[in-house]
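K.L.:
Whatever this is, show me its structure:
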Amino acid sequence: MSIPQVSIIIPTRDREALLSECLDRLVPQLPGNGAVEIIISDDSPSPARETIAPALRIAGPRAGPGPNRNFAAGRATGKWLVFIDDDCLPRPGFLNAYLGILNKANEECDFFAGTTIPCGDGADSLLMESPHNLPPGNFPPPSCNFCVSRRFFEASGGFDERYRVSFEDMEFFSRLAALGGNFRFVEGAAVEHEFRPIPSAAKLAARWESRVISCLDHGASPRDIAMLLPRHMALVILSRFRGKPLSPCNVRASATFAFEYFTAIARLPGWISKNLRGPRSSFWKSLPPERHPPRFGL
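P.N.:
Next up is the predicted model:
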């Protein structure tokens with residue numbers, strides 16, 4: 001049997017119905033020559049109960065999305081790693097689009113992203129969310145649909161496992177950019193992603209701790225974070241309203257976002273104190289200040 005040249009990595013946790021739909025779309029696209037393998041890294045608390053595609057599953061580390069992706073990548077055999085999420089539905093031609101461009105890719109191109117299409121009801125509602133990446137493509141892309149060479153993934157260090165709640169994907173892509181890799185958008189490698197309800201205000205607020213970790217990695221002082229992060233949070237939250245209609249659900253969302261903001265502000269001193277004692281990224285520490293993003297990424 002030939003060694004797979006492409007490893008498709010699907011991290012999952014307690015989403016069997018969605019995973020089943022994903023595999024129903026993906027498996028028929030696999031070539032019959034063994035050039036592609038699928039690895040499902042399962043972070044579910046009781047993976048023994050699951051029955052879908054047991055031959056493709058490995059038990060994940062149960063430490064968050066970043067560690068789960070790293071764990072699967074460490075067991076993959078492909079030269080190229082394709083990451084999709086368990087709630088994505090690959091469109092026909094998804095895999096052939098990636099394979100076609102990878103067969104032509106030279107060693108100077110290490111990173112690709114496909115189209116992510118939000119679908120279902122929720123486009124006008126701030127109470128719903130879905131990642132998206134539509135032509136001509138954006139960098140950084142959503143982490144639910146991208147491809148990276150193994151050597152580039154390993155050179156970057158993979159996903160930073162300190163990020164347990166959010167931002168692990170954006171931080172990872174910022175390191176790829178700092179390494180100078182070339183990015184290419186693959187329009188035909190398309191997946192659909194349903195809109196889903198946004199998390200509670202408390203869970204939305206918890207996402208902002210990741211920016212404290214990132215800012216400290218880029219050399220920010222506690223005073224820098226206390227001065228810059230509240231403004232950054234406010235601008236990001238306000239940007240969510242851009243292009244959205246005035247509607248009852250969006251008025252309700254504004255109350256959720258207000259609670260998110262003030263909860264994050266209340267937690268900010270504790271986050272700073274806690275993460276000041278934590279480890280710093282060896283990747284960012286090795287780079288000169290001019291290679292870091294301006295204003296610590298804020």
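K.L.:
in the stretch 101-250 of the chain, what spans have low per-residue confidence?
P.N.:
Along the stretch 101-250 of the chain, segments meeting pLDDT under 70 span 105-108.
K.L.:
All the strands of it, residue numbers only.
P.N.:
109-119, 128-129, 145-149, 182-194, 196-197 (DSSP state E, counting those that start in this stretch).
K.L.:
closest one to residue 172 among these?
P.N.:
Within the strands of the stretch 101-250 of the chain, the stretch nearest residue 172 is strand 145-149; the backing value is 9.3 Å (C-beta to C-beta). From N, CA and C alone the C-beta is placed, and that goes for glycine too.
K.L.:
Now do that closest one: which elements does it pack against?
P.N.:
Using 3 or more C-beta pairs under 8 Å, 6 or more residues apart in numbering; DSSP states H and E, the elements in contact with strand 145-149 are strand 80-84, strand 109-119, strand 182-194.
K.L.:
Relative to residue 169, which of the ones you listed is closest?
P.N.:
Between residue 169 and the helices and strands packed on strand 145-149, the tightest spacing by C-beta to C-beta is seen for strand 80-84, at 9.3 Å.
K.L.:
And the next helix-or-strand element following the closest one, how far out from the chain middle?
P.N.:
Sequence-wise, the next helix or strand downstream of strand 80-84 (DSSP states H and E) is strand 88-90. Remark: strand 88-90 is offset 15 Å from the chain centroid, using C-alpha atoms, centre = their mean, to the nearest Å.
K.L.:
next one: stretch 25-42
P.N.:
Its chain's C-alpha centre and that of stretch 25-42 lie 21 Å apart, by C-alpha atoms, centre = their mean.
K.L.:
okay, how far is it across that stretch, tip to tip?
P.N.:
Distance between the two ends of stretch 25-42: 19 Å, counting by C-alpha to C-alpha, to the nearest Å.
K.L.:
list the buried ones in stretch 87-94?
P.N.:
By 16 or more other C-beta atoms under 10 Å, the buried positions in stretch 87-94 come out as 87-91, 94.
K.L.:
Name the residues that touch it?
P.N.:
For stretch 87-94, the surrounding residues in contact (C-beta atoms under 8 Å, 6 or more residues apart in numbering) are 15, 18, 21-22, 25-26, 29, 84, 114, 116-117, 144-145, 188-194, 196.
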